[in-house]
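> Pasting a predicted model and its sequence here:
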Amino acid sequence: MKRIDGIVFDFGGVISQTQDARFFPEVTRLTGWTREEVLAGWARHRRLMDADAISVEALYRRIGEELGRPIDAALAKRLGRIDFDSWSIPNPETLAWARELKAAGFKVGILTNMPSAFLPWFDRCAGAFRALADAEVVSGPERMVKPNPEIYALMARRMGLAPESLFFLDDTQANVDAARACGWQAARFTSVAAAKDALEAVR
């Protein structure tokens, strides 16, 4: 069995709950865009936002322009706030487990894709988790995003641990697969109970 010394958590859908279900109906009401159109726009541009290459307002302006249904600056700003708010519901079960892990002697880290503009929401939602963490890597300030290998290497250095001794939890399978390719242990997060089982399976 492998020795795991550090547990690294993604933010959205892990430290926070999954995105607020009211988000897409509200965006549709304000813009007329469908959920599928927004998701397609995210697939093209959201990593640019997470790397601080474009703002959240620019993300939504681009989506509207590509759809031929442009929006003005005021609505783009409103959509940005709604977006950030929708990812900002804490998951108290994850925080409680992280505290248990720390008490048991594990290092705890945070590795997340988010723009610098989201940091005030991050702190409001996950301030207690951030205070608990031994290290964190946030994509925007670093100008690198998951699933690129360099962001995992940076996280390992900040944790002060070898990749094979790190266990990563993310709700996106591509990010889990990338962590494994970098030598980490990893599992897709669906619940704290399932994450505990996954960790036990690799220890």
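That came in fine, so what should we check first?
> use CA for all of it now, contacts and neighbours both
Will do.
> Pull the residues that contact stretch 23-37.
Applying CA atoms under 8 Å, 6 or more residues apart in numbering, the set of residues contacting stretch 23-37 from outside is I71, L79, I82, D83, S86.
> can you pull the contacts of E150?
The contact partners of E150, by CA under 8 Å, 6+ apart, come to M144.
> could you measure it against A104, distance?
According to CA to CA, to the nearest Å, E150 and A104 sit 29 Å apart.
> what do you get for S139?
Shown here: S139 relative to A104, a distance of 29 Å by CA to CA.
> Which one's more surrounded, those two?
Using other CA atoms under 10 Å as the criterion, S139 and A104 rank with S139 on top: 22 against 9.
> thinking that one is in contact with L48, fair?
No. Here S139 does not reach L48: they are 10.2 Å apart, not a contact under CA atoms under 8 Å.
> related to what we said a few turns ago, distance to F168 and pLDDT added to the contacts of stretch 23-37, as JSON lines?
Listed next are the contacts of stretch 23-37 as JSON lines, based on distance: CA to CA, whole Å; pLDDT from 0 to 100:
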{"residue": "I71", "distance to F168": "38", "pLDDT": "97"}
{"residue": "L79", "distance to F168": "31", "pLDDT": "98"}
{"residue": "I82", "distance to F168": "28", "pLDDT": "98"}
{"residue": "D83", "distance to F168": "25", "pLDDT": "98"}
{"residue": "S86", "distance to F168": "23", "pLDDT": "97"}
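> pLDDT below threshold where in the protein?
Across the chain, the ranges flagged by pLDDT under 70 are 1.
> Where is the longest helix in it?
As far as residue count goes, and with DSSP state H defining each element, the longest helix of the chain is helix 35-50.
> Return the set of buried residues in it.
By 16 or more other CA atoms under 10 Å, the buried positions in helix 35-50 come out as E37, V38, G41, W42, H45, R46, R47, L48, M49, D50.
> Kindly present those residues as JSON lines, with separate columns for distance to D171.
Listed next are the buried residues of helix 35-50 as JSON lines, based on distance: CA to CA, whole Å:
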{"residue": "E37", "distance to D171": "22"}
{"residue": "V38", "distance to D171": "19"}
{"residue": "G41", "distance to D171": "20"}
{"residue": "W42", "distance to D171": "16"}
{"residue": "H45", "distance to D171": "19"}
{"residue": "R46", "distance to D171": "16"}
{"residue": "R47", "distance to D171": "16"}
{"residue": "L48", "distance to D171": "19"}
{"residue": "M49", "distance to D171": "19"}
{"residue": "D50", "distance to D171": "16"}
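> of those residues, closest to V8?
D50 (18.7 Å; CA to CA).
> thought that closest one was touching S139?
Yes. Here D50 lies in contact with S139, judged by CA under 8 Å, at a distance of 6.0 Å.
> anything in contact with each of these two?
Common contacts of D50 and S139 (CA under 8 Å, 6+ apart): N113, M114, P115, V145.
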